[in-house]
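# Coordinates for the following, if possible.
(3 chains)
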Amino acid sequence: MAIEFKKSLAVFTEFVSVEEAETLLEWLLKNPKGKINLADCTHIHASSLQVLMAFKPTIVHEPQDADLAIWLKAALAS
Amino acid sequence: MKHILVIDDAATVRLYHRGILENAGYSVDEAINGIEALEKALVKPYDLFIVDVNMPKLDGYGFLKEFRRQDDALQSPAIMVTTEASGSDKQLGYMSGANLYITKPIKPNELVNYARLLLGETL
Amino acid sequence: MNSLLEQFLSEARDFLQGIGEKLMQLESDPTSNELMVELFRFVHTLKGNSGLFDFPEMTRVLHASEDLMDAVRNGRVNYSQKLADQLLDAMDFVGMLMDEIEATEKISNKHAAPAAELTKALRNLLTASEAGSESSEIDDILNEITQTQVAENSIDWESLPTLNLPEDIAEQLHAHSLRGDSVFWVEYTPEADSFFKGEDPFYLIRQVPDTEWRNVVLNSTVENLAEMDVFNSVASYQVLTHAPAEELEDLFRYIPDEHRRIEIPALAFVKPSGNTDEHAVDEDFIANVFALFDKDETEEVTRTINTMLELSAPDLWSSSALRWVLRLIEREPENKAAQRALLESLRTLQSPDWSELKPVEVIATIAPPVRNAVVSTSNGSNGVVDEKMQYFNEVINAQREILNLSGFNEGRLKSVGASLIGCYKSIGRSQDVDSLELAIKNSLVENSQDLLLKWLDHSLENAPELVVAEKIAAPVNNLAMQNDVKFGRRAEDAAGRKADEPNAVTASKTLKVDQEKIDRLMNLIGEMVVAKNALPYLAARAETVFGVRDLSREIKAQYAVINRVAEEMQDTIMQVRMLPVSFIFQRFPRMVRDISRKLGKEVDLVLEGESTEADKNIIEALSDPLIHIVRNSLDHGLEQPDVRIAAGKNGTGKLLIRASQESDRVLIEIIDDGKGINPEVIKHKAYEKGLIDEATMERISDQDAVNLVFAAGFSTADVISDLSGRGVGMDVVRSAVEKVNGTVGIESEVGKGTRLYLSLPLSMAVTNVMIIQSNKQIFGVPMDMVVETVRVPRVHIQSIKQKQTTVLRGRIVPLLPLNDLLASNMPQLPNENDEFATLIVRVHGEHVGILVDDFRETVDIILKPMTGILGGLGGYSGAALLGDGSVLMVLNPRELM
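Modelled structure (predicted):
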């Protein structure tokens, strides 16, 4: 799994695939204040990206991947 | 029947050209580089040459230059078919003795039309 | 799979292999220019080949590799380990695509993104080393194209998306646009079910190169988060990029409907932004600047604005507008109208409406290339005429360009002359050819191409109908037409074979093996077959000599196993050697066309059963006889069209060449509907040539008479043509076919046609022979000649005209003692019941009995032709080694009689 779910923190690593979207959704429903650590994430499948956009959770660490960081800023800004 | 010599180091391209030209009713011989082309063209008169540019041993320019120097050879038209697209190459092609300079990949009907035209046959 | 694609894959694998090897060699010799040149050529040729097919992913990666190698070759980029790794990656990718093509004949769209990534990586290596100065030729060309489109098209400002960009990004894009890089706004709205198709729209949009600005929005607000469907794509992605249009085209080539691409004109980026609550600049300042501006005191304008900027907060809208004014002055000094409009906006704090400014500039939503457009083949319509003239013009213009080259070159001039003559003839202006030829001649005499050039110009001036202004319209994509082009049939055959083995599709790869190795393998298996045959002897000896019966039985059991494996091995190797008859058949269409034209005959050639296979040696041995037969049919069989029509037949003759398999033999029939063979004519010819005597001529049956065409020195041609009948006749065909244990026969009906058939073994490597004993020696007789073995009681043998015969199933069979045939005086030995062992063999369709002393077992042997002094010995087809080490001479009954 590319997402490690802790109590109130989800740590994304490397390539988050389409399979993880559903789990992410459930986790965010259970933990509406859950935070996301994206430091080591390189890509998020569009499905999970949409979930993040819908919930707009707090991002505790931006991705080190510069391109992904810019995308996420745009995605979560509006 | 008109005889065409297809000169290309790539067997796939030779097969492609051969298929198109034979289907159009021409007799086709092949050469895999300029040297082999010269050997063939100097013993058998061809009505048309389809010449690739980049080939080992002797390239298309070299072949045409040498062939056009042959006094007693039948100086038939040559179509240079190449992937290089810049103007200077075309110039060099014409200088060497090509009569037409076309960029690959050439479509079957194009090749046939050019051949028919250069061979004096109705399109 | 057509043979062209098959050839492509096979050759491409060779190139990939070669590229890999060269890269390895370069590692130990990284400065070798020779290696680099060769490496370039491999990549270049491979790219050229891939361009013949519609595999854009492959071509794109190869193109980038080629550009990179070109740079390396020319010393613009240094060879490095990293570069080699990148190239190897690219080649691995290409190899993977080829596997997929081999299995499915296409490339799935999932490779588009990785291909783009690889391309980018390769291009990065190129630009990194070249300090970003030179972009590839293609990009230049593309930029040119887009710029032309910019100039030609008008901007539809209303269709432009509303851009609210941070000033720094807008400023950069503005600069790009002015530099000539088209800036595109790309919006990608994937279909709702795109996740189910295995797509990742976010991944795809991230592959857009040279992205300066990104945005993603949800198209519908998610009202109830708990009911959100994560597998529904609901987002829209937008980017601004200055990537070449081609790359964008490629990236989105499978989803043309799901994305929009709009080229953004430079001015669209000029949009001040910031805080509008405060007016930083007053009317005095604005009036002052306008005054300077109108006097064209640009430096003063700049200085004044800079002063104002220093005094104002940078986040004000007016500050942003002033910065833009400065940029426009710097970047578009001539565009006063824009500068003025921007200054004007300081009064309203509203961005200028650029659509009112200028009579339009841009907008190029480049339509996706038309794929599989219908090839225009209208019959004699204007379209065709125009097209013809366009081709004519293109070729004529090329000749003119050549004639304008400096320096006289005789060969070149001659070739131009030939080209011009061709062109004029082709469009039906033969009336011009005489004067053209004269001009060529004069040019050659005077060593000047000017004369020919003048003729050409004169000709075109006086015939405006010959000049077509426009260039040839982009030829429609007709790769589909390739499928109609008939290439050799082997590929289809191969595909057909594969279909039988479901797993073979992906697993099978073509392996090129030296023929020598196959032959060696064949010899080895032959020896193995022989060696294995020693085991039954051993078993017999164990029992009879050593009296160990159990051992004998065990040896026999082992023999059974070895025998089975050996047979399977033999079969497999045979398969390797099998070639389809299309190998020979594919020559016929052309040959028949050539010959029939020469003879003024019309022939409709039909080939059947091209996929029938036989051993390579058989196929090769078949080639010459078959060509001879086909020539004969065309020459002597089929009549001239007028003769045919007079005889009430279709003017076009029919020639059918059919191959089929009958148990372990290949049957090849050549059937024509020509005039047939007249037995009377044959009889008289044969008599005249002394091949038969008068008595024979009287009683010979029609069929036997027709068979006389196979007699040595028989030629039926009334006139010896240069096609067939050069003194060699069907007897040559017969002996060639018999050499490989084949038979040939003919049936003919006068006026209706002729059917010639060849029957050949599928394989000639292993021969099944029956061992017979005669005069205390053993001999082999090929089983395929043996019809049956019988024991004929002495009392049933009659002498007719001093020849021994017997009646077998109501048929008189001549009997020939083998000892007589071998010129030995010994009488044949009967068995204890006074019966003679008789081998009934078929010779030229006749049954003949050969009396021998006894029959023995049948064995498989590898027949080796006799060489040296023995080679001249008639009556034997060869010799073979037996399991016990002894040599078996194999008789050829045909030659014996």
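# looking at this, C:D784 is in a strand?
No: counting by DSSP: H, G, I helix; E, B strand; the rest coil, C:D784 is located in no strand; its state is helix.
# quick one: C:L405 from B:L117, how far?
Here the criterion is Cβ to Cβ, to the nearest Å. By it, C:L405 lies 21 Å from B:L117. Every residue, glycine included, has its C-beta placed from N, CA and C.
# typo on my end, C:H111
Using Cβ to Cβ, which is the criterion applied here, C:H111 is 39 Å from B:L117.
# For C:L405 and B:L117, indicate the residue with more neighbours.
For C:L405 against B:L117, the residue with the higher neighbour count under other Cβ atoms under 10 Å in any protein chain shown is B:L117, and the figures read 26 against 14.
# Which residue is the nearest non-sequential neighbour of the more buried one?
Sequence neighbours aside, C:S426 is the residue nearest to B:L117 in space, at 4.6 Å (criterion: Cβ to Cβ, 6 or more residues apart in numbering or on different chains).
# cool, B:A115 as well?
Counting by Cβ to Cβ, 6+ apart, the residue nearest B:A115 is B:L48, at 5.9 Å.
# The residue nearest to B:L117 contacts B:A115, correct?
No: the pair formed by C:S426 and B:A115 falls short of the contact definition of Cβ atoms under 8 Å, at 10.0 Å.
# Neighbouring strands - and their directions - for the host helix or strand of C:F836?
Using DSSP states H and E, the secondary-structure element containing C:F836 is strand C:835-843. Strand C:835-843 pairs in its sheet with strand C:786-793 (antiparallel), strand C:846-852 (antiparallel), by DSSP bridges.
# low-scoring stretches of chain A, by residue?
By pLDDT under 70, the low-scoring segments of chain A are A:1, A:78.
# Which positions within stretch C:631-648 qualify as buried?
C:R631, C:N632, C:S633, C:L634, C:D635, C:H636, C:G637, C:L638, C:E639, C:P641, C:R644 (16 or more other Cβ atoms under 10 Å in any protein chain shown).
# can you pull the contacts of whichever residue of chain A sits closest to chain B?
Ranked by Cβ to the nearest Cβ, the top residue of chain A for proximity to chain B is A:D67, at 33.0 Å. Neighbour list for A:D67: C:R206, C:T211 [criterion: Cβ atoms under 8 Å, 6 or more residues apart in numbering or on different chains].
# For it, what is the enclosing helix or strand?
With elements delineated by DSSP H and E, A:D67 resides in helix A:66-77, which encompasses its position.
# partners of the nearest residue to A:T58 once chain neighbours are set aside in the sheet?
Leaving aside its chain neighbours, A:T58 sits nearest to A:K35 (4.7 Å; criterion: Cβ to Cβ, 6+ apart). Partner residues in beta bridges with A:K35, using DSSP bridges, are A:L9, A:T58.
# Does A:K35 touch A:V60 like I think?
Yes: assessed by Cβ under 8 Å, A:K35 is found in contact with A:V60 at 4.8 Å.
# since we're on whatever residue of the stretch 251-400 of chain C ends up closest to chain B, how many residues are nearby?
Shortest the stretch 251-400 of chain C-to-chain B distance, computed as Cβ to the nearest Cβ: residue-wise this is C:K388, at 4.4 Å. As a burial measure, the neighbour count of C:K388 was computed by other Cβ under 10 Å and equals 19.
# same check, this time on B:V28
21.
# Quick check, it in contact with B:V6.
Yes: the pair B:V28 and B:V6 qualifies as a contact (Cβ under 8 Å) at a distance of 5.8 Å.
# hey, what's in contact with both of these two?
By Cβ under 8 Å, 6+ apart, the residues touching both B:V28 and B:V6 are B:H17, B:R18, B:L21.
# what's across from the closest residue to C:E788 other than its chain neighbours in the sheet?
Leaving aside its sequence neighbours, C:E788 sits nearest to C:I840 (Cβ to Cβ, 6+ apart; 4.9 Å). According to DSSP bridges, the partner residues bridging C:I840 are C:E788, C:G849.
# Count the neighbours of C:I840 for me.
18.
# how near is the residue nearest to A:T58 to A:S48?
From A:K35 to A:S48 the distance is 15 Å (Cβ to Cβ).
# who has more neighbours, the two?
When A:K35 and A:S48 are compared on other Cβ under 10 Å, the one with more neighbours turns out to be A:S48, at 26 against 15.
# Now for the residue nearest to that one when sequence neighbours are not counted: which residues touch it?
On the basis of Cβ to Cβ, 6+ apart, the spatially nearest residue to A:S48 that is not a chain neighbour turns out to be A:A21, at 4.6 Å. Contacts of A:A21 were listed using Cβ under 8 Å, 6+ apart, and they are A:H45, A:S47, A:S48, A:Q50, A:V51, C:V230, C:F231.
# Name only those of those that count as buried.
Restricting the contacts of A:A21 to buried positions leaves A:H45, A:S47, A:S48, A:Q50, A:V51, C:V230, with burial counted as 16+ other Cβ under 10 Å.
# quick one: contacts for the first one?
Contact criterion Cβ under 8 Å, 6+ apart gives A:V16, A:S17, A:V18, A:E20, A:A21, C:F195, C:D200, C:F202, C:Y203 as the residues in contact with A:H45.
# can you tell me which of those residues are in helices?
A:E20, A:A21, C:F202, C:Y203 (DSSP state H).
# Would you mark the buried spots in stretch C:20-39?
Within stretch C:20-39, the residues that count as buried by 16+ other Cβ under 10 Å are C:G20, C:K22, C:L23, C:L26, C:L35, C:M36, C:V37, C:E38, C:L39.
# Is it possible to get those residues out as JSON lines so that each row also shows pLDDT?
Below are the buried residues of stretch C:20-39 laid out as JSON lines (pLDDT from 0 to 100):
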{"residue": "C:G20", "pLDDT": "83"}
{"residue": "C:K22", "pLDDT": "84"}
{"residue": "C:L23", "pLDDT": "82"}
{"residue": "C:L26", "pLDDT": "80"}
{"residue": "C:L35", "pLDDT": "84"}
{"residue": "C:M36", "pLDDT": "84"}
{"residue": "C:V37", "pLDDT": "82"}
{"residue": "C:E38", "pLDDT": "84"}
{"residue": "C:L39", "pLDDT": "86"}
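# Once you drop chain neighbours, what's closest to C:I562?
Distances taken as Cβ to Cβ, 6+ apart put C:K532 closest to C:I562, at 5.1 Å, once the chain neighbours are dropped.
# lowest-confidence helix or strand of chain B?
helix B:87-96 (a mean of 79; mean pLDDT, DSSP states H and E).
# Next SSE downstream of it?
In the C-terminal direction, the helix or strand that comes right after helix B:87-96 (DSSP H and E) is strand B:100-103.
# quick one: that following strand to chain centroid distance?
Centre-to-centre, strand B:100-103 and its host chain are 10 Å apart (Cα atoms, centre = their mean, to the nearest Å).
# One more: stretch C:559-568?
Between the centre of stretch C:559-568 and the centre of its host chain there is 40 Å, according to Cα atoms, centre = their mean.
# tell me which residues in it are buried?
Taking 16+ other Cβ under 10 Å as the neighbour-count basis, stretch C:559-568 is seen to contain the buried residues C:Y559, C:N563, C:A566.
# average model confidence for that stretch?
When pLDDT is averaged along stretch C:559-568, the result is 85.
# hey, C-alpha coordinates of that stretch in CSV?
The C-alpha atoms that make up stretch C:559-568 are tabulated as CSV, following Å, rounded to 0.1, in the frame of the first residue of the first chain:
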residue,chain,number,x,y,z
TYR,C,559,14.4,-49.5,-28.0
ALA,C,560,10.7,-48.6,-28.1
VAL,C,561,11.3,-45.6,-26.0
ILE,C,562,14.3,-44.4,-27.9
ASN,C,563,12.5,-45.0,-31.1
ARG,C,564,9.6,-42.8,-30.1
VAL,C,565,11.9,-40.0,-29.0
ALA,C,566,14.0,-40.2,-32.1
GLU,C,567,10.9,-40.1,-34.2
GLU,C,568,9.7,-37.0,-32.5
